[in-house]
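Participant: This is a predicted model, with the sequence first.
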Number of protein chains: 2
Amino acid sequence: MKNKQVCLASRPSGWVTPENFSVREAEIGEPGDGEVLVKNLFMSVDPYMRGRMNDVKSYIPPFQLGDVLQAGVVGEVVSSKYDELSEGDHVTGMLGWENYSIADGRTLRKLPPTKAPLSWHLGILGMPGMTAYVGLTQIAEAKSGEHLFVSAASGAVGSVVGQLGKILGCRVAGSAGSDEKVALLREEFGYDAAFNYKSSDSLLQSVQEVCPQGVDVSFENVGGEQMEAVLWCMRDFGRIALCGMIADYNAEEPPPGPRGMMLMIGRRLTMRGFIVTDHPEACEEYVVKAIQWIADGKLKYRETITEGVENAPQAFIDLLKGGKTGKQIVQLA
Amino acid sequence: MKNKQVCLASRPSGWVTPENFSVREAEIGEPGDGEVLVKNLFMSVDPYMRGRMNDVKSYIPPFQLGDVLQAGVVGEVVSSKYDELSEGDHVTGMLGWENYSIADGRTLRKLPPTKAPLSWHLGILGMPGMTAYVGLTQIAEAKSGEHLFVSAASGAVGSVVGQLGKILGCRVAGSAGSDEKVALLREEFGYDAAFNYKSSDSLLQSVQEVCPQGVDVSFENVGGEQMEAVLWCMRDFGRIALCGMIADYNAEEPPPGPRGMMLMIGRRLTMRGFIVTDHPEACEEYVVKAIQWIADGKLKYRETITEGVENAPQAFIDLLKGGKTGKQIVQLA
């Protein structure tokens, strides 16, 4: 039994290409004291990983050349030398793009019992769902009756943001990159209005059309021109939660910010960047609530599943280009 | 006795010029019921007035062509048909660029007793001082031990921000537009470090030099390239209080925002625009404190005084070009 691993072969300049990755086979090791051997079942690919491929200091360290890449993983304990985990337990943690990982037991979280599929702990019950909840409730402090706009609204985070917005009592609008995704937003995720940003002649006009009364809360996943269009539609005392700027991730130079920053003053706007891991209490609170909302049918979820660790690089590249709907998962075993 | 008035002759396109103004003489009227006739003693010219010269909806309505311009004024009541004000009272309010104004008594504030000169109610004890206090304490929530950076630091607002920062226990650095102003920041206003942005080869490097440990709180009066340089120096969980963007006021098209907006996410930054009049309680609190701080010698103040209402347009133009130090006042009588 071999352990297939995906490593960083070279750092991308601009868009990520398959040549930035290499695949190798390694032996499966034995866990040491306090460690656990995990058979990885599902791994997550997420836009933030693009940042870790650059050699730049950030809130998480960059991937190193030649090393196995890291991702959020759901797996099953194969053998354990850590008291609080046993063979057969399902766990989640930051592990490798590989079939088997050895990890310090303290870095793993045992999954709570739920009827939801295991892979959902990487999406709606994992970091993307928690990010949606933290951004909407802690950062933007969205309230009932407010007008919410979400960019990349059909993505792993955006699809949850919109549904949570409806649960909070907001009017919810968003943008996505295909007519199919726009239909999904309205028909499955409960969005009141949505538009296809790729076929829009004027992003400003499109945002105005889907938010005719303006925007109180913007949940920003995209940045760039969409962020600028939404800025111009913000209502007095509006809040912009900055979650991601996927439009900028592959830029070789930092692109300029939105025109019209002066609107921030006249309209008394707040723009706030956040990282979900700074808010562990809100995350715990969310998982409990989300399990109930899913059971009640108030929170729906879509995944795109790719099979085989060797196909993870292409799944990641497709994700950055916006080709897929819902949460991108790689099934490893 | 005639009333000299300055009116808006045309809307500026780009920089303001003397031709945008006209001067006329009018009769002095009589106050009606509930009104007060005020002899205007001092008027304020402030950068925000530039916005009101454009025909654009904002938090205050635009000036109208042919109308007398408005400004913050300190004056003396000449005759009153408003119960709560009497002849000889000193008042402040939004009145005209003119020698005499008639105003609804409810829109005037009777000045509290203080040994400070009357004109100070337009500066350190008026809107600029209140703006400094609100921005620093309510918007940026600056705390003892934090690193504060102030742009346009020798201006009417900036000079107070720095001194309040020192009172709060912050380390304070700033930028100004001449070596003379930079010296004043260090020698009179207690700044720990300052630089001349006009002679800087690299704004980023200059900010790094005056804030070697980075910036927790940025009090932004300028916008543009200075704002971008400070953004790159922000520390994790930093706050940027957006007070003004004088660099952008004369632009014909909204200029792009700062490059590197993605830093807002990784460093969990908050950027918040504000208008002082939204915070009346903090303003009242400030005036009481400021009178004491001035008496204790903890808060210093500089004015540039121009004489004659007909010279107000040039004083305003000089202000926008950054020629003067401290608060720009026009003495009317």
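Facilitator: Looks like it came in fine. Residues are numbered from 1 along each chain as shown, chains lettered A, B, ... in the order given.
Participant: Let me see the contact set for residue A:295.
Facilitator: residue A:115 (CB atoms under 8 Å, 6 or more residues apart in numbering or on different chains). Glycine gets a C-beta too; all of them are placed from N, C-alpha and C.
Participant: Could you pull up phi and psi at it?
Facilitator: Main-chain dihedrals, residue A:295, degrees, to the nearest 10: phi -60, psi -40.
Participant: Residue A:327 and residue A:305 touch, don't they?
Facilitator: No. If you go by CB atoms under 8 Å, residue A:327 and residue A:305 don't touch, sitting 9.1 Å apart.
Participant: Count the neighbours of residue A:13 for me.
Facilitator: Neighbour count for residue A:13, taken as other CB atoms under 10 Å in any protein chain shown: 11.
Participant: ditto for the one 4 residues further on
Facilitator: Other residues lying near residue A:17 total 12 when counted by other CB under 10 Å.
Participant: same thing with residue A:280?
Facilitator: 11.
Participant: returning to what we had before: comparing residue A:327 and residue A:305, which residue is more hemmed in?
Facilitator: residue A:327 (27 against 13).
Participant: What pairs with the helix or strand residue A:240 falls within, parallel or antiparallel?
Facilitator: Taking DSSP states H and E as the definition, one finds residue A:240 inside strand A:234-242. Partners of strand A:234-242 in the sheet, by DSSP bridges, are strand A:215-220 (parallel), strand A:270-273 (parallel).
Participant: list the buried ones in it?
Facilitator: A:234, A:235, A:238, A:239, A:240, A:241, A:242 (16 or more other CB atoms under 10 Å in any protein chain shown).
Participant: you'd agree the third one is up against residue A:269?
Facilitator: It refers to residue A:238. Yes. Using CB under 8 Å as the test, residue A:238 is close enough to residue A:269 to be in contact (5.2 Å).
Participant: Is residue A:100 in contact with residue A:31, as I believe?
Facilitator: No. Between residue A:100 and residue A:31 there is no contact under CB under 8 Å: 10.4 Å.
Participant: Mutual contacts of the two, please.
Facilitator: residue A:37.
Participant: Who has more neighbours out of the two?
Facilitator: residue A:100 (23 against 20).
Participant: how near is that one to residue A:88?
Facilitator: 15 Å (CB to CB, to the nearest Å).
Participant: before we move on, what about residue A:218?
Facilitator: On the measure of CB to CB, residue A:218 and residue A:88 end up 44 Å apart.
Participant: tell me which strands and helices the helix-or-strand element of chain A with minimal mean pLDDT is in contact with?
Facilitator: When the helices and strands of chain A are scored by mean pLDDT, DSSP states H and E, helix A:49-52 comes last with a mean of 90. In terms of contacts (3 or more CB pairs under 8 Å, 6 or more residues apart in numbering or on different chains; DSSP states H and E), helix A:49-52 is not packed against any helix or strand.
Participant: ok, residues contacting it?
Facilitator: A:12, A:16, A:58, A:60-63, A:69-71, A:249-250, A:316, A:320, B:266.
Participant: Could you list the alpha-carbon positions for that helix in CSV?
Facilitator: The C-alpha trace of helix A:49-52 is given here as CSV (Å, rounded to 0.1, in the frame of the first residue of the first chain):
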residue,chain,number,x,y,z
MET,A,49,-4.5,28.2,-1.1
ARG,A,50,-3.4,30.3,-4.0
GLY,A,51,-1.9,32.8,-1.5
ARG,A,52,0.2,30.0,0.1
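Participant: C-terminal to that helix, which secondary structure element comes first?
Facilitator: Defined by DSSP H and E, the subsequent element after helix A:49-52 is strand A:70-80.
Participant: Give me the distance from that next one to the chain's centre.
Facilitator: Distance of strand A:70-80 from its chain centroid, counting by CA atoms, centre = their mean, to the nearest Å, is 19 Å.
Participant: Okay, now the sheet partners of the helix or strand following it, with direction.
Facilitator: Next in sequence after strand A:70-80, counting helices and strands by DSSP H and E, comes strand A:90-96. Using DSSP bridges, the strands paired with strand A:90-96 are strand A:70-80 (antiparallel), strand A:109-110 (antiparallel).
Participant: Which strands and helices lie in contact with the next helix or strand after strand A:90-96?
Facilitator: Scanning forward in sequence from strand A:90-96 by DSSP H and E, the next helix or strand is strand A:100-104. Packing partners of strand A:100-104 (3+ CB pairs under 8 Å, 6+ apart): strand A:35-44, strand A:70-80, strand A:90-96.
Participant: From one end of stretch A:313-331 to the other, what's the distance?
Facilitator: 13 Å (CA to CA, to the nearest Å).
Participant: list the buried ones in it?
Facilitator: Under 16+ other CB under 10 Å, the buried positions of stretch A:313-331 are A:313, A:315-317, A:319-320, A:322, A:324-331.
Participant: can you check stretch A:195-211 too?
Facilitator: By neighbour count with 16+ other CB under 10 Å, stretch A:195-211 contains the buried residues A:195, A:196, A:197, A:200, A:203, A:204, A:206, A:207, A:208, A:210, A:211.
Participant: can you check stretch A:176-190 too?
Facilitator: Buried, per 16+ other CB under 10 Å, within stretch A:176-190: A:176, A:177, A:178, A:181, A:182, A:184, A:185, A:188, A:189, A:190.
Participant: same check, this time on stretch A:54-73
Facilitator: Buried positions in stretch A:54-73, judged by neighbour count with 16+ other CB under 10 Å: A:58, A:63, A:68, A:69, A:70, A:71, A:72, A:73.
Participant: Other residues contacting that stretch?
Facilitator: Counting by CB under 8 Å, 6+ apart, A:5-12, A:21, A:38, A:40-46, A:49, A:51-53, A:92-98, A:101, A:122, A:126-127, A:275, A:312, A:332, B:236, B:266-267 sit against stretch A:54-73.
Participant: That'll do, ta.
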